[in-house]
Structures are given as C-alpha cells and as structure tokens.
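Student: sequence first, then the predicted structure:
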Amino acid sequence: MSDFPTKARVVIIGGGVVGASTLYHLGLKGWTDCVLLEKNELTAGSTWHAAGNVPTFSNSWAIMNMQRYSTELYSRLGEEVDYPMNYHQSGSIRLAHTKERMQEFERARSMGHYQGIEMEMWTPEQAKERYPFLEIHDLMGVLWDPSDGDIDPAQVTQALAKGARDMGQKILRFTPATGVTQKEDKTWVVHTEKGDIECDYVVNAAGYYAQRVGEMFKPYGGRTVPMMVMEHQYLLTEQIPEVEAWSKEHGGKLPLIRDVDVSYYLRQEKHGYNLGPYEPNCKAHWLGDDKMPEDFSFQLWQEDLDRIEDIVVDAMARVPLMETSGVSSVINGPIPYAPDGLPLIGPMPGVANAFEACVFTFGIAQGGGAGKVMAEWIVDGGTEWDMWAVDPRRYTDYTDQDYCDQKGMEVYGNEYAMHFPHHEWPAARDKKLSPVHDRVIAAGGVMGAYNGWERANWFAQDGDDTSLEATHTWGRQGPWTQRVKEECEAVRDGVGVLDLPGFSRFELSGEGAAEWLRGMVTGALTKVGRMNLIYFSDDRGRILTEMSCQRHAEDHFTLITAASAQWHDFEVLKRKLPEGLSLTDHTTEKDTLIVTGPKSRDLMTEIGTDADLSLGWLTHQEATVAGKSARVVRVSFAGELGWEIHATNADMPAIYDAVIAAGAKPFGMYALDSLRLEKGYRTWKGDLSTDYSMFEGGLERFVRLDKPQDFPGKAALQSEKQQGSKKAFVTLTVDAGDCDAPYMSCIWSGDQIVGETTSGGWGYRVNGSIALGMVRTDLAEPGTELEVEIYGQKYKAVVQPDQPLWDPENERLRA
C-alpha cells in the first residue's frame with residue numbers, strides 16, 4: 001500500500017468515539033502525524049449501539065469536568081468541522097423519592113454551579129409543567145439539568161474523525177493491530193497485516209476489546225486490563241401521537257427522565273420512547289469458558305425482556321403514555337465495565353510510552369472530554385484537571401478477573417445508587433489481608449477496602465448495627481458515631497492501636513541515590529537516622545505526590561506512601577531512575593501498627609523493647625519489640641505521642657497481641673481521619689492533588705527554591721512566588737448541621753463561590769466540624785467568615801490560624 005503510513009507520532013488502537021476524540025484532540029494540540037487503527041468500520045464496537053445520552057451529572061469532580069467539556073464540544077463540533085449532527089440538548093429531570101436522594105442532587109447541583117452548569121432543584125409540580133405526561137404523586141423533588149440530552153453516536157464519531165482527517169491525521173479502517181514491539185529506546189512498532197508502523201506512543205482505545213489488546217503489552221511490563229463486559233439492553237417503542245403533538249407545539253424534544261431510585265432513563269426517540277434500565281438481576285458476558293469472539297463488530301445479543309419487566313412496568317406507571325404504544329425493537333449489546341464503573345484514562349501501568357483510554361461505560365457522554373484528557377497526557381505529560389478518578393494506576397495487583405467480574409456486576413446493578421460516605425460495597429472483598437486480620441475481626445472490626453487491603457473503619461460492640469442499610473445516610477450520625485468517639489478519646493487520653501496494612505513501601509539505594517532524590521523533590525532530604533515528608537511536583541509546580549522518607553545511610557532510603565498510590569508513586573520514581581540505582585517494592589512483605597496516645601511510651605516499655613524511646617519526633621531505629629524484630633518510627637498521623645511499628649508479616653501477630661494485652665484500644669480509619677483533620681494533615685488525592693500548586697496547598701515550607709537542583713516544577717514555582725498564588729489552603733471550623741462537608745463542597749463569600757473544600761469531618765477532640773479547603777488568597781486571613789454549602793444548605797465557617805486545631809504547638813506530639 002503506497003499510502004500506508006510507516007511512521008507516526010502516536011498510534012491509537014480502536015475506532016470508537018474515544019479513539020476518534022483522542023485523534024482529534026491530538027490534532028488540536030498540533031500533533032497531526034498520528035494514526036488510528038480500527039479492525040472494522042469506525043463505531044463497530046459499543047459506540048454503534050450506544051443510546052447516545054450526554055449527561056453532565058456526576059458526584060465526581062473529574063467526571064463532571066469531563067462530561068461538561070463533552071457537552072460544550074458537541075454543541076459546536078458540527079459547525080467547526082462542517083459535519084451536521086443530531087445533538088438535542090433537551091435537558092433532563094432526575095426524580096427524587098427520598099430525602100437522601102434530594103441531598104445527593106443538591107450536592108451535584110452545587111458542584112455543577114461551580115463548573116458553570118446551571119442545574120436547578122425543582123418541585124414535582126414544576127417538573128409536571130415541563131413534562132405534562134409525568135406522574136408526580138410520590139416524588140419529593142426533581143433536579144433539572146438544562147445541558148443534558150442525546151447525540152447520534154455514529155455522527156459524533158464521524159465528525160471527530162472528519163475533523164482529525166482535515167488536520168492531516170490518518171485513519172486506517174479494516175486494519176486491526178496484530179501486535180506491538182517496544183524497541184530499546186522505548187519507542188514502538190505496531191504490527192498490522194498491512195505493514196508495520198513505527199511510533200513514539202501507543203494508545204489502547206479498544207473498548208470492550210481492551211483486555212485483549214492489553215495482552216500485547218505484557219512482555220513490556222503490562223498487566224491484564226481490569227475489566228469485564230456487561231449485557232445492556234434498551235427498548236424503543238412505536239410512535240406515540242401525543243409525543244409528536246407536544247414536539248411540534250414546543251419545537252423540540254421532551255426532557256430526558258432519569259428515575260434513579262428505580263434505575264432507568266426514559267427519553268424521547270423520534271416520536272416514541274427509548275427506555276434504558278439498569279436491572280439488579282443483570283447479566284455479564286464472556287466469563288470463564290465463554291470467550292469473546294475474535295470479532296463482534298456490529299453484533300447484538302438476543303433480547304431478554306423478562307429480566308427488565310419490573311422496571312418497564314414501573315416506567316409505564318411513571319409515564320402512562322408509554323402503555324399506549326408497543327415495543328418496536330430491543331437493543332442488547334456489550335458494554336465494558338471497570339470495577340468501579342469509571343473508565344481507564346492515563347498512563348498504562350508499568351509500560352513506558354503507552355496509554356489507555358478504554359473501558360468506557362458511558363463513552364458517548366465522556367468521549368469528548370476523554371480525548372482532551374488523553375491528548376494532554378501524551379503531549380503535555382499531565383492533565384488540566386486532576387484525573388486520578390480514572391487513572392489506570394488506581395488498580396493494582398488485587399484486580400484479578402474474579403474481582404473484576406463481581407465488581408462490574410455490582411456496579412451495573414447499582415448504576416444509580418448513592419455513594420454514601422460510610423458505605424462499603426460488599427462484592428469481591430478480602431483480596432488482601434493483614435497478618436492480624438482475624439484478630440481485628442474478632443475485636444469487632446467493621447472493614448473497608450483500601451487498594452484491596454482490608455482495614456478496620458471502626459470497631460463495633462455487641463448490639464451495634466453493622467448492616468449495610470445503616471450506612472445509607474449522608475449524615476454524621478450512625479451506629480459508628482459513639483464508637484469512633486470512644487476510639488478518638490482512647491487515643492487522646494490513653495493509647496490506641498491501628499493495624500494499617502498496605503502502606504506502599506519502596507527501598508531506594510545505590511551510589512548517588514541521595515543526589516538524584518534531591519533533584520526529584522521540592523525540598524530537602526533529612527539526616528541519616530531521621531525521617532521527613534518529601535514532595536514531588538509536576539512541571540507546573542502542582543502537587544504530584546507526598547512520601548515519608550526514612551534515611552538509613554547516605555544513599556539508602558525507605559519511601560512510604562499511601563496504599564492507593566502504590567503503582568502511581570512507584571512509577572513517579574521508576575520512570576526517571578538512572579542506571580546504577582536500585583528501586584524495589586516491598587509493600588506486601590510488611591505490616592504496620594500505629595501505637596499512639598499519651599500512654600504509648602509506657603505501653604512500649606511494658607511489652608518489652610530495646611528501642612531508645614527517648615529519641616525525638618521524626619526518628620527511626622531498628623529494634624526488638626515484644627521479642628520480634630521491627631523498625632520503630634517516632635511519628636503519628638493521629639497527632640499524639642506515638643510510634644509506627646513496621647514488622648514482617650510473620651512477626652506482626654506477636655507484636656499486635658502484646659500491644660492489645662498491654663491495654664491498647666483498637667481504633668479504625670474513621671477515627672484516624674477525624675484525628676488527622678484536627679491536625680490539618682493532608683490526604684493524597686483529597687487535599688493533595690494536581691489541581692493545586694505546592695504554594696496553593698500551603699506547603700511552602702517543603703519547597704527550597706534556593707537549592708541548586710532543578711527539580712520538576714521549580715521554574716513554575718519561582719514564577720508563582722513572584723506573581724502570587726491564586727488560591728490558599730485553609731482550615732475552617734464549620735457550624736455544620738447533621739452532615740460534615742464532603743469533598744468539593746462550595747465555599748461562599750456573600751453570593752460568590754470563592755473556593756472549595758478538599759475534605760471534612762467531625763473532630764472529637766475539639767468537638768466541632770472541620771473542613772480543609774482552598775479559598776481565594778485574599779480570604780485566607782484567620783478570622784475571615786465564610787460559608788460552606790453542605791448538601792444544599794449554607795453554614796457559617798471561620799478561617800483558622802495556620803496551625804493545628806488540636807495541640808497547636810505540637811507539645812503532645814513531641815512529648
């Protein structure tokens with residue numbers, strides 16, 4: 001083939017809406033020598049049979065950003081690329097049957113308002129005015145989203161493809177990728193039956209084929225793509241005269257209905273209806289011996305209306321007009337699911353110069369934004385918005401196929417479920433267990449999953465309600481409240497112990513390790529025998545990650561970071577590691593106990609240790625504890641006198657037993673979150689994210705602009721230092737009601753949104769509601785009165801001095 005491209009900057013594997021959008025956005029950024037490979041025709045996978053809904057609603061800030069961008073792009077795309085499209089922004093009404101659902105809607109409305117989406121809360125009667133065929137007798141309220149609507153999936157894909165071609169990009173149809181080879185310089189050769197293409201970067205945008213394509217990358221450090229495939233069906237009714245008459249009278253379509261408590265959407269399709277249910281008794285496909293066919297392009301499965309009968313009946317009662325029409329057709333096709341229902345967009349774990357933009361459950365709604373995000377990852381090395389919510393590295397080695405299958409079905413069957421702050425989803429649990437897991441359970445541990453590791457959230461006593469139903473609240477109060485209070489008081493007054501498996505744990509060594517690390521971090525390294533926090537920023541000076549750094553020798557370090565950051569942070573180090581240095585992951589080899597409280601020194605003495613307990617804060621030492629070898633670290637995330645005890649999995653049970661026998665009270669993650677809020681300690685991807693610079697995050701004391709090393713982001717931070725920051729980190733005390741401020745709650749000054757919370761909760765030692773957040777710099781002065789919007793209600797909040805609320809001088813911590 002004379003016109004077959006043998007070189008490209010990027011090769012994208014997969015020609016659905018996401019692949020086409022990625023190609024288009026690479027072109028917008030000036031990379032116009034890229035190639036898209038499609039094994040069949042464009043849209044042949046999930047795109048062609050997608051319903052094409054384009055909502056903006058989400059309780060994830062990142063997903064809402066991405067979906068909002070899609071609506072903005074689609075509204076102008078046809079004109080920009082000269083390709084007419086059917087895009088109907090008819091608006092949508094989400095129906096609320098309960099107070100809790102109304103609170104969820106209020107939160108989404110507030111987030112949307114911050115992003116410029118003018119959502120409104122309506123009464124049922126207002127919804128009836130807009131949608132006269134709607135039954136409203138059992139509704140509490142409605143969320144109106146004027147930007148919601150639907151688009152023709154094939155048309156939007158072809159429009160993106162045309163725009164890309166017009167910029168010089170190449171699209172090769174009927175050209176499947178048959179394999180990849182990575183060369184020594186980490187560039188790629190992508191193989192096809194028509195020839196090879198050399199390229200710098202490869203993108204897996206293969207939709208429900210993504211796991212199969214992902215296998216090609218395993219020889220170069222890849223893993224099995226965490227995904228499964230669900231059967232999703234929607235039905236189309238025959239034409240209905242009343243719908244046609246309404247459309248002609250009003251010059252448009254009826255708003256889309258989402259009855260989320262029943263779990264379906266209902267939208268006008270021509271002059272009939274499209275009903276799309278997400279049924280609890282759902283069905284997965286291509287499991288076990290039922291292998292995915294080599295090519296399922298433009299194919300569907302047999303309909304199964306019995307499975308969705310109850311939802312159809314409910315929808316007919318909601319809109320009785322549906323009963324006047326028969327079913328004209330049923331679409332039943334494959335939809336890929338990741339274990340949390342969110343796509344994979346970002347660097348391919350373990351593989352240099354490879355990316356993933358796949359496993360989209362709502363690919364049409366997210367496709368426009370996904371292309372933007374993917375192009376930013378490839379061209380800029382980072383994204384405008386923090387996109388950890390969809391980063392492929394959020395999943396590590398616990399996501400075997402059993403996990404993916406169970407979680408995918410759970411997510412599908414609860415597609416519209418509310419994600420309450422104290423709720424833990426039950427499917428596919430116990431993937432990673434602490435060596436003292438059985439003891440924690442026996443003590444009443446009510447568990448949560450953290451990067452697959454089971455940790456106690458709180459400890460129940462006999463008679464406490466530990467049912468899932470008890471967690472269905474946005475409020476602070478629940479069966480856990482009194483127990484968490486008691487756990488915090490034990491840490492405040494005596495001594496508590498928290499079993500903390502899954503700390504990400506890396507060993508860095510080799511001649512020159514210290515100097516290399518200095519060039520990677522924003523601040524200074526500590527002395528041998530001590531530890532400190534080190535921060536990594538990206539090229540824009542934004543907060544990439546935080547690690548605890550224990551220094552054992554001039555060029556030997558243990559780096560400890562959040563459980564969920566394991567693959568992300570290892571890659572931050574590994575991708576720039578020079579030859580001659582050693583970096584190894586020891587996460588699964590050891591467990592950690594936090595032993596903390598004013599009586600913790602007495603307890604450590606009682607259980608027997610040769611550690612020097614007089615060594616000060618931020619020291620570490622090898623010692624024997626309860627007859628077992630351990631590393632003893634003088635630090636406590638709870639903000640009290642205390643130690644972390646790091647020991648092998650084999651030795652930890654004996655240490656834990658001794659600590660418990662000496663009187664330590666077990667406490668859980670809910671208590672730890674309360675305790676750290678009172679100290680103003682940040683959490684990764686909550687308070688610390690690439691949405692904020694080091695200076696905005698209040699981390700100036702961890703930045704050394706005068707050091708000779710040119711660390712990533714130094715120039716950007718120097719510029720920000722001269723010009724000033726746009727935001728400032730603050731601690732707020734909040735006169736909250738029954739609920740504490742969730743992540744990304746709006747902060748108001750008068751009638752202006754001036755910032756957002758990054759985390760919030762109740763402080764049991766200070767007996768008050770606390771929020772950490774970002775505000776306009778001129779409002780960061782202590783004593784400034786602001787308001788925090790919590791589930792639709794505004795509450796007074798006061799900016800606090802730049803010091804901990806509890807033990808502001810750290811006297812207890814250093815005791």
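Tutor: Structure received. Numbers count the residues shown, from 1 in each chain.
Student: show me where pLDDT drops low in this protein?
Tutor: Scanning the chain for pLDDT under 70 picks out 1-2.
Student: residue nearest the middle of it, spatially speaking?
Tutor: Centroid check for the chain by CA atoms, centre = their mean gives residue 389 as the closest residue, at 2.1 Å.
Student: okay, and the nearest residue to it once chain neighbours are set aside sits in which element?
Tutor: Spatial nearest neighbour of residue 389, chain neighbours left out: residue 62 (4.1 Å); criterion: CB to CB, 6 or more residues apart in numbering. C-betas here are computed from N, CA, C, even on glycine. Here residue 62 sits within helix 61-81, counting by DSSP states H and E.
Student: again, but for residue 621
Tutor: Assigned by DSSP H and E, residue 621 belongs to strand 620-625.
Student: which elements pack onto the next helix or strand after that strand?
Tutor: Using DSSP H and E, the next helix or strand after strand 620-625 towards the C-terminus is strand 628-633. Contacts defined by 3 or more CB pairs under 8 Å, 6 or more residues apart in numbering; DSSP states H and E place strand 628-633 against strand 620-625, strand 642-648, helix 652-661.
Student: mind giving me the packing neighbours of the shortest one?
Tutor: With contacts defined as 3+ CB pairs under 8 Å, 6+ apart, strand 620-625 has these neighbours: strand 628-633.
Student: quick one: contacts of the strand it packs on?
Tutor: Applying CB atoms under 8 Å, 6 or more residues apart in numbering, the contact partners of strand 628-633 are 531, 550, 558, 609, 611, 619-625, 643-648, 651-652, 654-655.
Student: same thing but at 6 Å, please
Tutor: Residues outside strand 628-633 that contact it (CB atoms under 6 Å, 6 or more residues apart in numbering): 611, 620-623, 643-647, 651, 654-655.
Student: do stretch 189-196 as well
Tutor: 1, 4, 11, 175, 177, 178, 179, 180, 181, 197, 198.
Student: can you add neighbour count, secondary structure and distance to residue 435 and give these back as TSV?
Tutor: Formatted as TSV, those follow (neighbours: other CB atoms under 10 Å; DSSP: H, G, I helix; E, B strand; the rest coil; distance: CB to CB, whole Å):
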residue	neighbour count	secondary structure	distance to residue 435
1	9	coil	59
4	14	coil	57
11	26	strand	45
175	21	coil	51
177	24	strand	44
178	14	strand	45
179	14	strand	42
180	24	strand	40
181	14	strand	42
197	24	strand	49
198	15	strand	49
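Student: residues contacting residue 226?
Tutor: Contacts for residue 226 (CB under 6 Å, 6+ apart) come out as 339, 395, 399, 404.
Student: what's the closest of those to residue 737?
Tutor: Set against residue 737, the nearest of the contacts of residue 226 by CB to CB is residue 339 (34.1 Å).
Student: contact partners for the closest residue to residue 63 other than its chain neighbours?
Tutor: Counting by CB to CB, 6+ apart, residue 63 lies nearest to residue 389, which is 6.3 Å off, once chain neighbours are set aside. Contacts for residue 389 (CB under 6 Å, 6+ apart) come out as 60, 62, 342.
Student: check the gap between the closest residue to the last one other than its chain neighbours and residue 374 for me.
Tutor: To tie it back to what came earlier, the one meant is residue 342. Excluding the flanking residues, the one nearest residue 342 by CB to CB, 6+ apart is residue 390, at 5.2 Å. According to CB to CB, to the nearest Å, residue 390 and residue 374 sit 10 Å apart.
Student: what's the span of stretch 594-603 from first residue to last?
Tutor: Stretch 594-603 has an end-to-end distance of 13 Å (criterion: CA to CA, to the nearest Å).
Student: mind listing what's buried in it?
Tutor: Using 16 or more other CB atoms under 10 Å as the test for burial, stretch 594-603 gives 594, 595, 596, 597, 598, 599, 600, 601, 603.
Student: these into TSV, with extra columns for distance to residue 361?
Tutor: Formatted as TSV, the buried residues of stretch 594-603 follow (distance: CB to CB, whole Å):
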residue	distance to residue 361
594	37
595	43
596	42
597	45
598	49
599	50
600	47
601	52
603	49
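Student: redo these as CSV? Include secondary structure and distance to residue 770.
Tutor: Listed next are the buried residues of stretch 594-603 as CSV, based on DSSP: H, G, I helix; E, B strand; the rest coil; distance: CB to CB, whole Å:
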residue, secondary structure, distance to residue 770
594, strand, 20
595, strand, 25
596, strand, 19
597, coil, 20
598, coil, 22
599, coil, 25
600, helix, 24
601, helix, 28
603, helix, 28
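Student: just how off-centre is stretch 639-651 within its chain?
Tutor: 29 Å (CA atoms, centre = their mean, to the nearest Å).
Student: stretch 454-463 now?
Tutor: Stretch 454-463 sits 25 Å away from the centroid of its parent chain (CA atoms, centre = their mean).
Student: check which residues of that stretch are buried.
Tutor: Buried, per 16+ other CB under 10 Å, within stretch 454-463: 454, 455, 456, 457, 458, 459, 460.
Student: please tell me I have it right and residue 142 contacts residue 91.
Tutor: No - shown here, residue 142 and residue 91 do not form a contact pair, counting by CB atoms under 6 Å, at 11.2 Å.
Student: in terms of neighbours, single out the busier of the two.
Tutor: Remark: of residue 142 and residue 91, residue 142 carries more neighbours, 28 against 19, as counted by other CB atoms under 10 Å.
Student: phi, psi of that one?
Tutor: As for residue 142, its main-chain torsions (degrees, to the nearest 10) stand at phi -150, psi 140.
Student: how close does it get to residue 247?
Tutor: In this view, residue 142 and residue 247 are 21 Å apart by CB to CB.
Student: same check, this time on residue 397
Tutor: From residue 397 to residue 247 the distance is 53 Å (CB to CB).
Student: residue 693 bridge partners, please.
Tutor: Counting by DSSP bridges, residue 693 is bridged to residue 542.
Student: could you verify that residue 544 is part of a strand?
Tutor: Yes - applying DSSP: H, G, I helix; E, B strand; the rest coil, one finds residue 544 inside a strand.
Student: okay, now it: neighbour count?
Tutor: 24.
Student: chain neighbours aside, what residue packs nearest to it?
Tutor: residue 536 (4.4 Å).
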